[in-house]
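> predicted structure and sequence below. I'll ask about it afterward.
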Amino acid sequence: MYEPKMKENDNSVIEFIKSVESEKKRADAYQLLEIFEEVTGYDAKMWGPSIIGFGSYHYKYASGHEGDAPLVGFSPRKAKISLYLDYESEEREKLLENFGKHTKSKACIYVNKIADIDTYVLKELIRHTVEKYRKLYPNE
């Protein structure tokens, strides 16, 4: 049976951040931790070995595949900081117009450092994502 790698666990968020090699990425991770906790009202939890998530929801696809995921999250990766926010949507694209320097994929937004982005817009993206997923998955 399929066992997802990205599961909430009891690993320490602070210990994970302390293990980030780059001093600047570590400082950005602490700043993001503060922002995400403030906006969501959730305590940070580790998801898998390297994602810091806030809140959670349970999804089930038409295919029958189901699982749990954080409402929002981030990971201070070696190359860039990955932000796990709303998937492709008009609202996300609108907010990203004033976000600052970033790249994106379908599921992630990537930034080099917090100084490159508008943290007010980041807070709006977090709020938007939490509201959207709470409506999509109301049982959580």
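Structure's in. What do you need?

> can we go C-alpha only for contacts and neighbour counts from here?
Fine.

> which residues in the chain form helices?
13-18, 23-40, 90-96, 119-136 (DSSP state H).

> nearest to P70, out of those helices?
helix 119-136 (9.6 Å; CA to CA).

> what's the local residue count around R134?
By other CA atoms under 10 Å, the residues close to R134 number 15.

> report pLDDT for it.
pLDDT recorded at R134 is 92.

> ditto for the one 5 residues further on
The predicted local confidence for N139 comes out at a pLDDT of 70.

> neighbours of it, just the number please.
Residues lying near N139 (other CA under 10 Å) number 8.

> so for S56, which of the helices of the chain sits nearest?
helix 119-136 (9.1 Å).

> chain center to that closest one, what's the gap?
10 Å (CA atoms, centre = their mean, to the nearest Å).

> let the chain start at 611 from now.
Sure, I'll start counting at 611 from here, so that last one is helix 729-746.

> helices or strands up against that helix?
Applying 3 or more CA pairs under 8 Å, 6 or more residues apart in numbering; DSSP states H and E, one finds that helix 729-746 makes contact with helix 633-650, strand 682-686, helix 700-706.
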